[in-house]
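>>> this one's sequence-less:
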Ligand SMILES: C[S@@+](CC[C@H](N)C(=O)[O-])C[C@H]1O[C@@H](n2cnc3c(N)ncnc32)[C@H](O)[C@@H]1O
């Protein structure tokens, strides 16, 4: 799924996520569609995205015919993947340029996906509207994630499943990014890295029942080592979340009990 990087807008790309772009409309400072495309075109990007995607898709479970919301959908890559799995997909993002990129990618694939500019803190959907919600690496740019969790729980149907993918705190990737933030990277100055326990607490405080929490991406930010270690990722994941650059949580919205019904 890797595409060519856009020329002109790119300044630096060195990481699991791109670092700076000249996109002033981005909710996360300096993060734009051009850098995403460049990241996915790199060898490290291809390997890393594949492992993360496999984790997220696995946790989402059955998708065919399901209504799915991708919160912080970026340039639409996951949304298109979900649509290709026969889900009915809506994507929202606070960044106009990300949504424009998502629409144009979807159009090129003839994918019927509703993309909207919206803030995750105020989702423009009624209660219980979606059977599945995915939110991948959006909380890492949000200081207080609790309102987003509550809002996602609100629009999730009882019995529906939320899957969150986030940047793990105890990994070499997070350490390097923190250092970049201290050295002045505008993006990583804003970066938030969470532990598995923090993610679990956020979901539970929003009234969701956590089903699964696992790690991925145990290799350091180095393409040569990644190639060697990526096949071992599932084994590490079965053992611990410590060391994982990516954490994935699946939680279900409890259906109302007989008393509440
Ligand atoms: C790191 S990107 C991830 C994009 C996509 N989920 C992916 O994994 O490729 C984070 C995205 O979240 C969006 N975002 C950040 N804060 C947001 C908010 N409060 N509401 C909606 N979108 C937000 C950004 O504009 C950006 O597109």
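That came through fine. Keep in mind that what you see is a predicted model, and the values were worked out from it rather than measured.
>>> Tell me, what's the model's pLDDT at whatever residue of the chain ends up closest to the ligand?
Relative to the ligand, the nearest point of the chain is residue 74 (2.7 Å; Cβ to the nearest ligand atom). In this view, the C-beta of every residue, glycine as well, is placed from N, C-alpha and C. Note for residue 74: predicted pLDDT of 95.
>>> what's the closest non-adjacent residue to it?
Leaving aside its chain neighbours, residue 74 sits nearest to residue 98 (5.1 Å; criterion: Cβ to Cβ, 6 or more residues apart in numbering).
>>> quick one: secondary structure of the one you found?
Local secondary structure at residue 98 is given as helix here, using DSSP: H, G, I helix; E, B strand; the rest coil.
>>> count of residues packed around it?
28 (other Cβ atoms under 10 Å).
>>> OK, contacts around it?
Neighbour list for residue 98: 26, 32, 33, 73, 74, 75 [criterion: Cβ atoms under 8 Å, 6 or more residues apart in numbering].
>>> sec struct for the residue of the chain closest to the ligand, please.
coil.
>>> Please name the residues that touch it.
Going by Cβ under 8 Å, 6+ apart, residue 74 touches 33, 36, 93, 95, 98, 101, 102.
>>> Same check on residue 166?
Residue 166 touches 137, 139, 140, 194, 199, 246, 247, 248, 249, counting by Cβ under 8 Å, 6+ apart.
>>> In three-state terms, label it for me.
Per three-state DSSP, residue 166 ends up strand.
>>> next one: residue 48
Per three-state DSSP, residue 48 ends up helix.
>>> Thought residue 226 was touching it, still the case?
Yes. Counting by Cβ atoms under 8 Å, residue 226 is a contact partner of residue 48 at 7.1 Å.
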